Structures are given as structure tokens and as C-alpha cells.
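Novice: Provided below for reference: sequence and predicted model.
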Amino acid sequence: MLFKLSVNNICKSIKDYAVYFFTIVIGVSIFYLFNSIEEQEAFKKFIANDPENMGSVIRTLLKGLSVFVSIVLGLLIIYASRFLMKRRNREFAIYLMLGMGKRKVSAILFIETLLIGVFSLAVGLILGIGLSQFMSALVANLFEADLDSYRFVLSFRAAKRAVIYFGIAYLVVMLFNSFMVSKCKILDLIQSGKRSEKLKLKNPWLCVVIFIISSAALAYAYHTVTKSFDISSKELLLCIALGGISTFFIFWSISGLALKLIMSFKGGYYKGLNCFTFRQISSKMNTMVVSMTLICLILFVTICSLSVSFAFRDSFNKEFRDCCPTDMELVITNKKFLSDNNKNRDKFINETPDEIISKTGLSDVFSETSLVNIYMQKKDEENIVYMSDLLGSHLGEYYEKVRDSIYMIENVEKIKLQILSIDDFNKMWELFGKDPISIGKDEYFVLSDEKIIYPLMDKAAEEGHEINFGGHKLKPALDKTVYGAVDLSSNHINSAILVVDDSVLEGREPMMRAFHGNYKAKSKAEKQKVDKEVKDKIMQFVKDNYHVNKDEANGFSYFTTKLAISEMVIGISAIVTFIGLYLGLTFLITCAAIIALKQLSECADSVERYEMLRKIGAEENSISRSLLIQTGTFFLLPLLLAIIHSIYGIKFAKPLMIGIFSSQTMIPSIIATAALIVAIYGGYFLITYFCGRSVIRSRHK
Amino acid sequence: MELLKIKNIEKYYGSRSNLTKAIDDISFSVANGEFIGIMGASGSGKTTLLNCISTIDRVTAGNIFLEDTDVTHLKGSKLNQFRREKLGFIFQDFNLLDTLTAYENISLALSIQKYPAKDIDIAVRDVAEKLGITDVLSKYPYQMSGGQKQRVASARAIVTKPKLVLADEPTGALDSKSAKMLLERFEYLNKDNGTTIMMVTHDSFTASYTSRVIFIKDGKIFSELSRGNDSRKQFFDRIIDVVTLLGGDMSDAV
């Protein structure tokens, strides 16, 4: 009997349940989608040759995020079910008046929640499983893996996790509902349909003042976060607090002000249903200031995290390709360079990098190689060339640029430059696939690619000034600075290296030798195999011969391969994108669902009013238009302010995530974010509008 | 001059096996400038009749002419337009929009008819003066008394200068003092403004303000009374007589 009643209730109020159902289904499918990533072919491939343990990092992250996401969605479900409860107060009152016990009413609700829960969970999982088939393409792209063939993916682990997490959320909802029923009084339930809403009118002048003050506060916060990169955490917290509070007051004052403003345009206000529409909006807005503020802030976080994470991935991936011109690099410190009284000298590696390569039998894997001697100026030398000497008149400008930076580079006056010979440089340069550069005996040029210092050095080189090095007066060979670096790395970090003629360096002992090599292997799979062999053999060699510490060997300066860097880069950017997407989507759904529920409950409460409008002869079209304007306002207003927030938020976050003077454009990632928001937020908007329209038409046939 | 002509209308509810005749062959006509009352017990069909005239409900058979238009043949936007331009409504429970002020409630009826905004103010203030609600124009429905609300609703109904004002139990939710005040206003509108009013009521006192009363019982016209040159008191007594004849149902409704 109770079961039948519950089923009937659900069928009856299917319209009310639509948004609730839709939200849970999307929530569950997103939850499944992201949790099923572990079963994706591409992810497994990535884990298989993963050096930095990225896989387990992602797994841990996934678990943590999923707990957080399920809490957010759980709260949303509670909120939505409260909305449904309110809609049905009258019905409960009838049950209670007919003598049904509160426990039985609770049981009806319990069964209903259970049914809806099981059903939506099932639909959500099915949808998730369906979507995860498409997700494999995305994951493959994320981890840059080639998918050989399509494979059906079904993650029991993700499904189990979804069932458990959402099961708990439902349990909480059911307990909450039962609690609400046991607490209510019949009289309140009966009268809940009649509401005598009193309109609180705000003093318009107060609104104007508060609007101006909060706009000014926002402007100040915007200015502070974007003016420099050296923002202290205290200032940042102040700005965040200011932003949040002024968002609230802007909505508060708009809710009091907008109507007055519109009313002053008599021609527009007294036209068609306009005055009804704006009154509806303003009365609703008064009760929605807090939720609009929260939604606006969540949207702001969503937009920023989505667009910045997309851009981060783009720039990170692009940059690393520039920075890795060869397949591997091995740098070994020259033992002879060290002074005789260095205690650790005996423990240093004897071999040069090329000797290590041949000793480990790796010579055959390389198609081409180069060996570069890197020289260092000693402390006791005369005429030391410091980095500041290369900046010339732009030294002040440099300090100005880095002053506010969190990436403060040490005193450039004290950094001694490293030096290469032109012959070595050209050999390496050819290996990098670039044209050799020729210079005269008393000439020099500079190799640099660091984002702040490079453009300044380039300008300084244009002016051209002589430097004094080891008794040689050197003139600039080029009117520019050469863009590049010796070491393979994930981003541009080479401040400056001096390149001079071989004769200038005669009699000097190099400090380090850098070996670069390209593999013979051509295909990606072969390269991976070779790369693993190279890594294993070199690490083994170092371990066998130089076990100073457990993992470390003195004089073993730097060893990396392009693939190792690429995996790290892919891993990090995948994690960032992943978090951005996961949280972004969850937040987006939450915001949209809250507005949708609010708007629908408003429609249900206003059925009488719309009926009234029809009776006095309003056209169905203009009633629909009025509803469209109302729904649109509540969806657009928080989004609008969130977009304004985001412009500055992204400006602030971009240098942190991507680099200060990166030329990386944000436009593609902003477009991707916008598309995502339009799809989900817009989808909710349309559903809300159509559901709302059918609600207000329900009594009208 | 004949404004409204109702010709042999019928309204059936339910299926063939379980038929309810809400209106069973009713015909009468209303002249321009008349104040006509429709009386009957609950379930007699008086509200159905009003709904059919007001085009909210459709007749099963018969015709309703307002001026030269047969409203039973109107459809869609034509119907809306007709309702908007020719009819004014007053309801028992006022049906004011609680989010709007009295002024806006009245002006809404005009702006729906696409009245130029500059003319709205004059029209609203003019009608408000006639109904004595100038001082409550800026108030919200919850700040007004029942009588004030009903007068605002009446102002909304007549501000568009409709051919016919339909009032469904307008005094039903009012105390006797407010009811009397409202009815005096109706009388004034009818006499001095020439507004044609058709009022459904089951209250003999309310009906006594009209110039003619039609009694309905079980979907048929039971009787008809014209006020003629009687005073309101005399007319009231005659109505009471008919009501007594109609049956006990209405005797409590005085």
C-alpha cells in the first residue's frame, strides 16, 4: 500500500522530480566518468612506463577529489529534496489529517527517495559508462597515448565507488527527510501554500551608496591582484575577502536598485508585461542575494580553474618541445676542475660522459651525438664576467621587472657566467638541427632563453658593448642574443651562457662535459624501449661504480632524456587539467541546479499569478517571454559578475601557472571553457525554462 | 440597444453515460448600460454561465453574441484579443498580483493592451478617482483592506473601457460595510459612466443593487425580476420572495 502510494506520487510529480533526477544522473555519470579513468587504456599505458610515480599520485588525488565531489553533490541532493518536500507539504498535511502516522509518512518518503535514488543511480551509471567510451579519446589526448584499437571500458571499481558514495548521500537525505517530517506540525503544513509575502523595500539612496562602495572595493581588489606579481598572502586574502563581501553587497544593492532604475523609464516599464516581470524578478532577488553570491563565486572559481588549467596544459606541452631538442643528455662534472684539497674529489666519477656511453655499450643506440665542454670562471680570476655585464644599460630595467616577481633571480652582479667554445657550440647546435654560427677570434655572443632576461639581453646585444674576459677584450659578434640552452628541461630556464672562440679558452680545464645524443630508433615504441635501456644502463653504471650515497653519485651532474621529461610534463599537465575539469564540471552542475530549482519553485508558487494574467487577457506568448526574461536574469546575473571576476582572476592566475611574460594566449582555453559553460549552464537554463513553462501552464489547457 | 445576446446555450460535463447538464438551454439578452444580476444556489450553473460568456469555458451548443461577434466561434489570439478589449473581470478573491502595487495592477491591464505609456497615468488616476482609491495607489495588496482590494480589482476591470464587465461574487469575500461601498460604486459606474455590468451572486442584498435579476436553477432560467421604479428596499423584498420560492438553499444567504 505504501509502496503503491510512493510510486504513484513519483509518477504524479514527475515534473518536480525532473531537475532533481537530471542533476543526480549527471552527477553520478561525471563521478563515474572520472573515477573510471584508471581503467582507461591510455592511462594504463601511461602508468606502465611512468618514471615519477604519477600514476599513484593521480589515484590518490582521484580518491580525495571524489570524496569532496560526493560531499558537494550530497549537499545538492539534500537541497533539492528539501525543495521537493516543500512542494508537497499540503499532500503530507492530508496524510497526517487522515490519521496516517508520521512514521508512515516518513516511510512513504523513504521509499520514494530510495526509488528515485536507485533509478537515477542506475541511469547515471549507464550514462557514465556510455560517456566513458568517448572519454577514452579524451584520456588518450590527456596522456598523449596512441590508442591502437577501441576497447569497451567498464570500471567496476568506479561503479562500486559511485554506488557507495552516492548510497551514503541518499542515506543522509532519507534520514534528513524523516527528521523533517517528524518535526513538522499539521497547521504549518496546511498553511504553507498560502504565503503572504511582505516586500521589504530598500532605501534606494542607501543602495546607491552601497553599490558605489562595493564597486570601488571590487575595483581595488582587482587592481591589487593584477598590479604586480609580488602580492603577499595577507593582501591576497584581503582581496579574496573583499571580493566575496562586495559581490554580496553588489547583488544586495542591485536587488533594491534595479527596479527603481527600470521604473524610472516609464515608457519601458509600463509596456506589456514588463512591470509584472520586473516585480517578479525583484521580489525573488531579495530572497536570493545569498545564493546568488555563492553561485557567482563558485562560477568564478569554475571559470578560472577550467580556463587556466587548459591553458597551462597547452603552454606546458608546447614549451617542453622547444626545450628538448635532443633525445638524451648526460652531464658529468670534470674531476680535474676541482681543487686538489677537495675532500670528495676521490669519490667523483672518473669517466667523461662519452666514456660512460661506450663503457655501458650504448654507443650503438645513437645515430648522432655531440660532446660540449662547459667552462666556469674561477673565483680568483681577474676580469670575471658577471651576468650583469651582459645586460648593459638594461640592468635597472631587469631589476624593475623582477622586483615584484616571486621568481626572484639572485643578484645578477654576482653570477659568474658559464662559457662554451664556438666549436663545441656549433657541433651541439647542428645536432639540435640549427645553422652554425661563426665568430672572429676576439668576438663573443650570448645564449639565453629565460623569459625575463632574454629580451633584455637581446636589446643589450643590439647596443653592443665589449667585455673583458681572462685578459681578452671581446667584441659582440652578433647584434642579437641567440635563443637557446644547453640542457634539456621542461621549460625555459637558461639565463645566459657566453660563447667565445676556442683560442680564448686555451689552457682552461672545463668544469663539466655535456653529452647529447639522438637515438637511431624512429618509431615511438622503439624509442621508448631504447630510452628505458639507456636509463637503466646508465643508472646501473653509476650505482655500481660510485655509491657515495644510496642514490647519488658525486660528479654525476645531470642526466635526463626527452621521454622522461615528456612523461613528467604530460603527467603534471594531465593532473592539472583533470582536477580543473572534474571540479569545474561538478561546480557548474551544482550552480546550475540550484538556480534551476529555485526558479522552478518560484514558478510553482506563481501559478496563480500567471493564471491571473491570462484572465485579464495576456497572450500566452508574452507570458512565456516574461518567464524567459525572469529565468534568464537569474541565470545570467551571477554569470555576468563571475565573468568580470574571472577576467581579473585569470590575469592573476596566468603568470602563476604559465609564466610571467609567456606569450601563451589564453584565447583557445577561454573558448573551450565558454563552450563547456554554454553547454551545461545553457542546458540547465533551457530545461528550467521549459519545465517552468509547463508548470505555469499546468492548470491551463 | 442590445449588447449581449445569449441564444439557446447548453453546457454538458462528463461522458455520455454520466452526463451533467450545467446549463440547459438558456437564452436572454442584456441591453447596453444595464446592471444585471444572476442569482442561483451553489451548483445551479451561474458560474458556468459566466465562464461561457467570458470565453474562459466553451459552450456545448448555442451562440453568444457580443455586439455582432459570435464569441463561441472565436479561437486563439482572436479570442485573447476579444477578451482583452471587450471584457473586464472582477473576481471573488480579487486576483490582484501581490508583487505589484495597486497602480501597477491597474496599469497592467492597459499595458497588456499595448496602451501608450504616456496615456496610462491619466487613465489610471481617472479610474482610481471614480472608485475612491487614489490614496492607496502606491500600496501593495497586503497593505490594503478587502474592500480596497476589490475596488482596485474593479478599477483594473473597467480601466480598459470594456463593453461588458463580468463580476463573479464580487462581495463574497467582503464584510457588509465594504460590500455596500463597492456596490454603490458599481451603481455609480453603471449610472454615470454607462458601464454595462453583469454580476453573479447568491446574495439577495447584493442583487438588490442591480436593475434586473435572472434566477437560475439546475441550469435553467427559473425566473426574472426587473427593478423598474422600485426603491432598492422594495426590490430587495421582491428578490427575497423569489429566493424563498427557489428553495431553502438560499434562505441563509441574506
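Specialist: Great, that's in hand.

Novice: A:Ser626: how many residues sit nearby?
Specialist: Neighbourhood size, A:Ser626 [other CB atoms under 10 Å in any protein chain shown]: 22. C-beta here means a position set from N, CA and C on the backbone, and glycine is covered the same way.

Novice: which residues touch it?
Specialist: By CB atoms under 8 Å, 6 or more residues apart in numbering or on different chains, A:Ser626 lies in contact with A:Leu273, A:Phe276, A:Thr277, A:Gln280.

Novice: and the next helix or strand past the helix or strand encompassing it?
Specialist: In this assignment (DSSP states H and E), A:Ser626 forms part of helix A:620-658. As assigned by DSSP H and E, the chain's next helix or strand after helix A:620-658 is helix A:667-697.

Novice: could you give the angle of that following helix to helix A:620-658?
Specialist: For helix A:667-697 against helix A:620-658, the angle by axes from the mean of the first three to the mean of the last three CA atoms, to 10 degrees is 150 degrees.

Novice: buried ones in helix A:667-697?
Specialist: Across helix A:667-697, burial judged by 16 or more other CB atoms under 10 Å in any protein chain shown covers A:669-670, A:673, A:676-677, A:680-681, A:684-685, A:687-689, A:691-693, A:695-697.

Novice: what does stretch B:87-96 give?
Specialist: For stretch B:87-96, the neighbour count (16+ other CB under 10 Å) marks B:Leu87, B:Gly88, B:Phe89, B:Ile90, B:Phe91, B:Gln92, B:Phe94, B:Asn95, B:Leu96 as buried.

Novice: for the residue of chain A found nearest chain B, which non-adjacent residue is closest in space?
Specialist: Using CB to the nearest CB, the single residue of chain A nearest to chain B is A:Gly617, 3.0 Å away. Spatial nearest neighbour of A:Gly617, excluding adjacent residues (CB to CB, 6 or more residues apart in numbering or on different chains): B:Arg84 at 3.0 Å.

Novice: would you agree the one you found is in contact with B:Thr160?
Specialist: Yes: if you go by CB atoms under 8 Å, B:Arg84 and B:Thr160 touch, sitting 7.4 Å apart.

Novice: overlap in contacts of those two?
Specialist: Jointly contacting B:Arg84 and B:Thr160 under the rule CB under 8 Å, 6+ apart are B:Gln113.

Novice: let me see the domain layout of chain A.
Specialist: Chain A breaks down into these domains under automatic domain parsing: A:1-196, A:350-545.

Novice: these two touch, right, A:Ile281 and A:Gln630?
Specialist: Yes: at 5.6 Å, A:Ile281 counts as touching A:Gln630 under the criterion of CB under 8 Å.

Novice: of the two, who's got more company?
Specialist: Shown here are A:Ile281 and A:Gln630; by other CB under 10 Å, A:Ile281 has more neighbours (25 against 22).

Novice: also near chain B: which of the buried residues of helix A:667-697, exactly?
Specialist: With CB under 8 Å from any CB of the partner chain as the criterion, these include none near chain B.

Novice: what strand or helix carries residue 81?
Specialist: Since you didn't name a chain, this refers to chain A. Taking DSSP H and E as the definition, A:Ser81 sits inside helix A:54-87.

Novice: ah, no, chain B please
Specialist: Here B:Gln81 sits within helix B:76-86, counting by DSSP H and E.

Novice: for chain B, where's the lowest mean pLDDT among helices and strands?
Specialist: Of all helical and strand segments in chain B, the minimum by mean pLDDT, DSSP states H and E falls on helix B:76-86, at a mean of 81.

Novice: pull out the buried residues from that helix.
Specialist: Of all the residues in helix B:76-86, those buried under the rule 16+ other CB under 10 Å are B:Asn80, B:Phe82, B:Arg83, B:Arg84, B:Lys86.

Novice: helix A:620-658 and the helix holding B:Gln81, what's the angle between them?
Specialist: Using the same axes, to 10 degrees, helix B:76-86 lies at 110 degrees relative to helix A:620-658.

Novice: can you get me a residue count around the nearest residue to A:Cys239 once chain neighbours are set aside?
Specialist: Nearest non-adjacent residue to A:Cys239, counting by CB to CB, 6+ apart: A:Ala221, 4.2 Å away. Close neighbours of A:Ala221, defined as other CB under 10 Å, add up to 23.

Novice: surely A:Ala221 is within a strand?
Specialist: No: counting by DSSP: H, G, I helix; E, B strand; the rest coil, one finds A:Ala221 to be helix, located in no strand.

Novice: test my guess that it contacts A:Leu242.
Specialist: Yes: counting by CB under 8 Å, A:Leu242 is a contact partner of A:Ala221 at 4.3 Å.

Novice: tell me the mean pLDDT over the helix or strand following the least confident helix or strand of chain B?
Specialist: With elements assigned by DSSP H and E, the helix or strand that comes after helix B:76-86 is strand B:87-90. Averaged across strand B:87-90, the pLDDT comes to 87.

Novice: what's in contact with strand B:87-90?
Specialist: So strand B:87-90 is in contact with A:615-617, B:54-55, B:95, B:150, B:153-154, B:156-158, B:160, B:162-168, B:170, going by CB under 8 Å, 6+ apart.

Novice: gap between that strand and the chain center?
Specialist: Its chain's average C-alpha position is 7 Å from that of strand B:87-90, according to CA atoms, centre = their mean, to the nearest Å.

Novice: give me every residue in the stretch 601-701 of chain A lying close to chain B.
Specialist: A:Glu608, A:Arg609, A:Met612, A:Leu613, A:Lys615, A:Ile616, A:Gly617, A:Ala618, A:Glu619, A:Glu620, A:Ser622.

Novice: please name the residues that touch the nearest residue to the first one once chain neighbours are set aside.
Specialist: Across the structure, with CB to CB, 6+ apart as the measure, the residue nearest A:Glu608 apart from its sequence neighbours is B:Asn95 (7.9 Å). With contacts defined as CB under 8 Å, 6+ apart, B:Asn95 is in contact with A:Glu608, A:Met612, A:Lys615, B:Phe89, B:Ala153.

Novice: chain A contacts on the stretch 151-254 of chain B?
Specialist: Proximity of the stretch 151-254 of chain B to chain A, by CB under 8 Å from any CB, involves residues B:Arg156.

Novice: in the stretch 151-254 of chain B, which residue sits closest to chain A?
Specialist: Nearest residue of the stretch 151-254 of chain B to chain A, counting by CB to the nearest CB: B:Arg156, 7.0 Å away.

Novice: who are the packing partners of the helix or strand harbouring that residue?
Specialist: Here B:Arg156, judged by DSSP H and E, is contained in helix B:146-158. Counting contacts by 3 or more CB pairs under 8 Å, 6 or more residues apart in numbering or on different chains; DSSP states H and E, helix B:146-158 packs against strand B:87-90, helix B:102-112, helix B:117-131, strand B:164-168, helix B:176-193.
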